[in-house]
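need a structure here:
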Amino acid sequence: MPSFDFSSEVDLVALKNAIDVASRQVGARYDFKGTSAKIEFNEKDRIVALTGDSDFQIDQIKDILFPAMEKKEKESVKRLDLKPLQKISGNKLKLDMHVKSGIETELAKKIVKMIKDSKLKVQSSIQGDAVRVSGAKRDDLQTCITQITQAITDYPIKAGNFRD
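The predicted structure follows:
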């Protein structure tokens, strides 16, 4: 019976590359000279930290980082969970952004419900941080992929691991 998985994995190499490119651009900008503007990435906790002297400067750093991320991996900005702006020592500000990976249970349940409501002859089940879909006909599976990817636009999901 053919099957595939809906999943959402972070391409860490592309993410680190985008952060490196944006960090070099921030370091080279004339208006950031002599300020605390920088981008850091904690790979273990998957947190991107932006540091700057004002909220305007943080917004400018985001305007540099987000296009660099989109260029390396499509829809990668959608997986960022922005935390509230923190005030650290003196007049410096810090913005932490958590990089989400995998499909959360709420979204997985929503995907399963959408598949059941579509009346296609496929079965779906939640497998950890992925959703496995199986069915007798390959065409039903392809229709399911099309429907779900068009319906879920606020989080990047991919259909992969296709097996016959």
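
please name the nearest non-neighbouring residue to Leu82.
Among residues not flanking Leu82 along the chain, Met97 sits closest, at 5.2 Å (Cβ to Cβ, 6 or more residues apart in numbering). (Glycine included, C-beta is placed from N, CA and C.)

again with Gly128
Gly102 (7.6 Å).

which phi and psi does that neighbour have?
phi 80, psi 170 (degrees, to the nearest 10).

isn't it up against Ser7?
Yes: applying Cβ atoms under 8 Å as the test, Gly102 and Ser7 come out as touching, 7.1 Å apart.

where do the helices of the protein begin and end?
Assigned by DSSP state H, the chain shows helices spanning 12-28, 55-72, 105-117, 138-151.

nearest residue to Val48 other than its sequence neighbours?
Counting by Cβ to Cβ, 6+ apart, the residue nearest Val48 is Met97, at 4.6 Å.

what about the one you found, neighbour count?
Using other Cβ atoms under 10 Å, Met97 is surrounded by 19 other residues.

likewise for the one 4 residues further on?
A count of neighbours around Ser101, defined by other Cβ under 10 Å, yields 14.

correct me, but it touches Ser76?
No: using Cβ under 8 Å, Ser101 makes no contact with Ser76, being 11.1 Å away.

mutual contacts of these two, please.
Common contact partners of Ser101 and Ser76 (Cβ atoms under 8 Å, 6 or more residues apart in numbering): Val10.

good, we can wrap up now.
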